[in-house]
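Asks: fold the following, please.
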Amino acid sequence: SKIPKSSSVADTSVMTVTIDATNGWFKMVKTATSGSWNRLSFTDESTVANRELVEGEAFTVSYAIKSDDYTGDAPTIYLKNSLSYTRPIGEVTSEWTRVYYTGTWKSEGSVAIHLGWSGLQGTFYVKEFQIEAGNKPTAWKPAIEDTQSQLDAQGTRITSAESSITQLATEIQSKVSQST
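Replies: Below you'll find the predicted structure:
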């Protein structure tokens, strides 16, 4: 499951979304309970579903959610037209809660994963969205692409530190040579 980088909201007049890449979550502020088209889309997860899930086999969708001012049912999950909207198991509270839905994968229809917010109102935070094969939700794990980018960033930091150490060693050696 990828760290959030983009989202799509169908009706911005009643719902706004911001991405906090540092903390890895989406923040949604929904100002009206109406509008079944108020949704948060996960385009990267659609690619994972197409690549990794098999017709007729169990799959699980899960995500962590909390709210500043709402307690109750979690937003519905829409995967594709052959699976429709489904209500996940678990409720929204003021603490991070992992909610999930388990079903049987159907290959027909195009994947368009999103959360449906009809009937909900408040400020919500969503993170760690994950779709995976199997009938049980597992702890969130970063996507391979995210892990690789984090490794690349660490490699850049190490290279920079090595350069600084080499430069300081050269300067120290020069000062030692000057004083002898």
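Asks: state the mean pLDDT of the top strand by length along the chain.
Replies: In the chain, with assignment by DSSP state E, the single longest strand is strand 122-133. Averaging pLDDT along strand 122-133 gives 89.
Asks: please renumber the chain so that the first residue is 38 from this point on.
Replies: Yes, from this point I'll number from 38; that puts the last item at strand 159-170.
Asks: paired strands for that strand, with orientation please.
Replies: According to DSSP bridges, strand 159-170 forms sheet pairs with strand 62-67 (antiparallel), strand 95-104 (antiparallel).
Asks: any chance of CSV for these, columns mean pLDDT?
Replies: Output for the strands paired with strand 159-170, formatted as CSV (pLDDT from 0 to 100):
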stretch, mean pLDDT
strand 62-67, 82
strand 95-104, 93
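Asks: possible to save those as a markdown table with distance to Ile168 and mean neighbour count?
Replies: Using the backbone N, CA and C atoms, a C-beta is placed for each residue, glycine as well. Formatted as a markdown table, the strands paired with strand 159-170 follow (distance: least, CB to CB, whole Å; neighbours: other CB atoms under 10 Å):
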| stretch | distance to Ile168 | mean neighbour count |
| --- | --- | --- |
| strand 62-67 | 16 | 21 |
| strand 95-104 | 5 | 22 |
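Asks: how about these in TSV, adding distance to Lys117?
Replies: Listed next are these as TSV, based on distance: least, CB to CB, whole Å:
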stretch	distance to Lys117
strand 62-67	21
strand 95-104	11
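Asks: hmm, back to that, pull out the buried residues from the longest strand of the chain.
Replies: Under the neighbour-count criterion of 16 or more other CB atoms under 10 Å, strand 159-170 has Gly159, Phe161, Tyr162, Val163, Lys164, Glu165, Phe166, Gln167, Ile168, Glu169 buried.
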